[in-house]
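K.L.:
Predicted model and sequence below, questions to follow.
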Amino acid sequence: MSFEHIFLFFLLLIPFGAFSFLLLTNKEAIERVFSQDVLNRIKINDNHLTARARKVLFLIAIFFMIVAMAHPYIENSKTKIKLSGLDVLIALDISNSMRSKDRYPNRFEFAKLKLQNLLDKMVNDNVMLITFNNSVYMVSPFTMDKESLKKEVKGIKDSYLSGGSNFKLLAKSAKNILKNKKPKFLVVFSDGGEKEDLKGFEKILKDNNIILYAILIGTNNGAVILDEHNNVVIKNDLAVRTTVNNELGKIAKATGGDFIVANYNNLDINKLIRKNKPKYNNVTTDKEIEVSDRVELFYYPLIVAFLFLLASMISLPTSKSGRGVKSE
C-alpha cells in the first residue's frame, strides 16, 4: 500500500497529537471541584459511555480522516499507451462582429456549434483552445479530453464579445504556443474581421511555418453589427454592416492550409477533414502516456472514521446493570 500525500499525513500528525493531548488531559468542570474518590462515591451508573471514551472515539475518527486525506492506494501496474495525433491550436473569434445574425442564432453561437462538431472529429488529436478579440485568452491548455473541451466551449458566453479582431496578435500568440510543435496547425473560427485587421497576419504565419485552417462564419450578404445590448451599431448616421471576409480563406491557402464557409449541415466540416487529413497521416506526432492501474483505498478509512464519529455522538450501554448509587 502507498500514500499519494504521505507528507500531508505526517504534517497533520503534529497538530493532531497536540489536540489529542489537550483534549484528553483537559478535566471536566466537576472534576476540578471534586477528587476522583468523591466522584466514584457520588457517581450514578447511567450505563452510557464516559466523556473520556467519547473523546477517544472522536480522536480515532479524526485519525482515520487524516489517513483518508493522505490518499492510500494499491498500485498494481503501469501501462504505457501510444497515441498518434496532431497538435492543433484552435482560436475562436469573440469580437463584436460575431453578434451579427446572418447565421442563426448569431455568428458566435453558430461558430460554437461548428467548433464542437469539429472536436467530435478530432478523436486522437491534442487540442488547445483560445479566444481572441483585441487580446488573446487561453480557454484550455493542450488536452485530448474532447468532452471537457466541448463543455468549455459551451461556457463561453456572448457577454465576452467585445472589440475588434487582432489577427496580428493572434499570430504572435500562435507562434509562441506552437514553437515546439511540428507540424504547426492553427484553426480559426471567425468572420474574417476587416481587411485592416489582417495586416501582418499572413507574414507571421509563413515566417513560422504555421499552417492555417479557417472556418469562416457569416455570409456574403452580411448583417448589421450589434452592441452588447443588441442595439444596432451606428457610425456616421449609418448602421454598420459586416460581411464574411474571404481574405482570411486566401491566407489559409497561402500557408498550405484550407478554408470553408460554414453552413448549417455538418458536411462542411467533414469535407474539410476528409480533404486535408490524409496529407498528415505520415507526420502525426507519436506520444506515450503512462496509465496507472491502481485500487483506491481512501474510502475505507473514511467509512471507519464515520463509524467512530457516529459512536462518539450517541449513547451506548456499557453494561447490563441497572441504575444505582455506588455504596460501600
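P.N.:
Yep, that arrived. Numbering: from 1, shown residues only.
K.L.:
how far away is residue 167 from residue 298?
P.N.:
49 Å (Cβ to Cβ, to the nearest Å). Every C-beta, even on glycine, is put in place using the N, C-alpha and C of the backbone.
K.L.:
And the average pLDDT for stretch 160-171 is what?
P.N.:
Averaging pLDDT along stretch 160-171 gives 95.
K.L.:
Restrict it to CA atoms and write it as CSV.
P.N.:
Extracted in CSV, the C-alpha atoms of stretch 160-171 (Å, rounded to 0.1, in the frame of the first residue of the first chain):
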residue,chain,number,x,y,z
TYR,A,160,-17.5,38.1,-23.5
LEU,A,161,-17.8,39.6,-27.0
SER,A,162,-16.1,43.0,-27.4
GLY,A,163,-13.7,45.0,-29.6
GLY,A,164,-12.3,44.0,-32.9
SER,A,165,-10.2,41.1,-34.2
ASN,A,166,-6.5,41.5,-33.7
PHE,A,167,-5.2,38.8,-36.1
LYS,A,168,-1.6,40.0,-35.8
LEU,A,169,-1.6,39.4,-32.0
LEU,A,170,-3.3,36.1,-32.6
ALA,A,171,-0.4,35.1,-35.0
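K.L.:
Show me what that stretch is in contact with.
P.N.:
91, 93-99, 108, 131-136, 188, 190-194, 197-201, 204-205, 210, 228, 248 (Cβ atoms under 8 Å, 6 or more residues apart in numbering).
K.L.:
coming back round to it: what about residue 167 and residue 298, which has more around it?
P.N.:
Set residue 167 next to residue 298 and count neighbours by other Cβ atoms under 10 Å: residue 167 wins out with 27 against 16.
K.L.:
In space, what's closest to the more buried one - neighbours in sequence excluded?
P.N.:
Excluding its sequence neighbours, the residue lying closest to residue 167 (Cβ to Cβ, 6 or more residues apart in numbering) is residue 201, at 4.0 Å.
K.L.:
ok, that neighbour to residue 113 distance?
P.N.:
From residue 201 to residue 113 the distance is 25 Å (Cβ to Cβ).
K.L.:
got it, and residue 267?
P.N.:
Distance, residue 267 to residue 113, by Cβ to Cβ: 14 Å.
K.L.:
For these two, indicate the residue with more neighbours.
P.N.:
residue 113 (17 against 11).
K.L.:
mind checking pLDDT for the more buried one?
P.N.:
Looking at residue 113, its pLDDT is 96.
K.L.:
Now name the helix or strand holding it.
P.N.:
helix 107-121 (DSSP states H and E).
K.L.:
Pull the residues that contact that helix.
P.N.:
For helix 107-121, contacts defined as Cβ under 8 Å, 6+ apart pick out 90, 92-94, 97-101, 103-104, 127, 146, 149-150, 153-154, 156, 158, 161, 187, 189-191, 215, 217-218, 262, 266, 268-270, 273.
K.L.:
For the residues you listed, which PyMOL command selects only the ones that are buried?
P.N.:
Applying 16 or more other Cβ atoms under 10 Å to these, the buried members can be selected in PyMOL as follows:
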select buried, resi 90+92+93+94+97+98+99+100+103+127+146+149+150+153+156+158+161+187+189+190+191+215+217+218+262+268+269
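K.L.:
Inside strands: which ones of the contacts of helix 107-121?
P.N.:
Among these, the ones falling in strands (DSSP state E) are 90, 92-93, 127, 187, 189-190, 215.
K.L.:
Just give me the closest of the residues you listed to residue 73.
P.N.:
Using Cβ to Cβ, residue 127 is the member of those that sits closest to residue 73, with 30.2 Å.
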